[in-house]
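*Asks:* Requesting a structural model of the entry that follows:
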Amino acid sequence: MTQGSTSVYILANQRNGTLYTGVTSNLVKRVWEHKNDLVDGFSCKYGVHMLVYYELHASMVEAITREKQLKAGSRLKKLRLIETMNPDWEDLYAGII
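*Replies:* Okay, here's the model as predicted:
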């Protein structure tokens with residue numbers, strides 16, 4: 001993964017727990033900000049710090065379109081997506097830095 005890759009990502013506080021879906025042009029930096037509670041709001045309030053899913057996209061427009069699609073989908077669809085890429089619900093952050 002390149003440092004500036006545009007990404008859609010899902011964070012969780014635990015397996016099958018609270019989920020947060022976001023988009024960023026710098027996944028490593030953004031997840032680090034979430035982990036260190038530098039992002040005010042939902043992820044800080046609910047302790048959503050584990051990177052459990054991400055996708056890379058060629059453009060921000062593509063990533064935002066995909067983020068909206070994921071957010072509009074059901075929780076069950078998000079859980080299945082995570083289970084497909086990350087069946088053990090490991091924190092994927094160490095693998096991207």
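*Asks:* contacts and neighbour counts: CA atoms only from here.
*Replies:* Fine.
*Asks:* Would you mark the buried spots in the helix or strand bottoming out on mean pLDDT in the chain?
*Replies:* Every helix and strand of the chain was ranked by mean pLDDT, DSSP states H and E. The lowest is helix 42-46, at a mean of 90. Neighbour counts over helix 42-46 (16 or more other CA atoms under 10 Å) mark 43-44 as buried.
*Asks:* got it, and stretch 70-79?
*Replies:* Residues of stretch 70-79 classed as buried by neighbour count (16+ other CA under 10 Å): 70, 78-79.
*Asks:* Can you show me the strands along the protein?
*Replies:* Ranges of strands within the chain are 6-12, 19-24, 50-57, based on DSSP state E.
*Asks:* Nearest to residue 89, out of the ones you listed?
*Replies:* Among these, the nearest to residue 89 by CA to CA is strand 50-57 (5.9 Å).
*Asks:* ok, residue 50 to residue 85 distance?
*Replies:* Separation of residue 50 from residue 85 (CA to CA, to the nearest Å) stands at 14 Å.
*Asks:* picking that back up, how about the strands of the chain, which one is nearest residue 31?
*Replies:* Closest approach to residue 31 among those (CA to CA): strand 50-57, 7.1 Å.
*Asks:* model confidence over the closest one, on average?
*Replies:* Here strand 50-57 scores 97 as its mean pLDDT.
*Asks:* Also stretch 18-36?
*Replies:* Stretch 18-36 carries an average pLDDT of 95.
*Asks:* That one spans what distance, first to last residue?
*Replies:* Stretch 18-36 has its terminal residues 17 Å apart, counting by CA to CA.
*Asks:* Contacts for that stretch next, please.
*Replies:* With CA atoms under 8 Å, 6 or more residues apart in numbering as the test, stretch 18-36 has contacts from 3-13, 39, 42-44, 46, 48-51, 60, 63-64, 67, 70-71, 93, 96-97.
*Asks:* again with stretch 45-56
*Replies:* Applying CA under 8 Å, 6+ apart, the contact partners of stretch 45-56 are 5-14, 18-20, 31, 34-35, 42-43, 63, 81-82, 85-86, 89-93.
*Asks:* Now do the least confident helix or strand of the chain: distance to the chain's middle.
*Replies:* 13 Å (CA atoms, centre = their mean, to the nearest Å).
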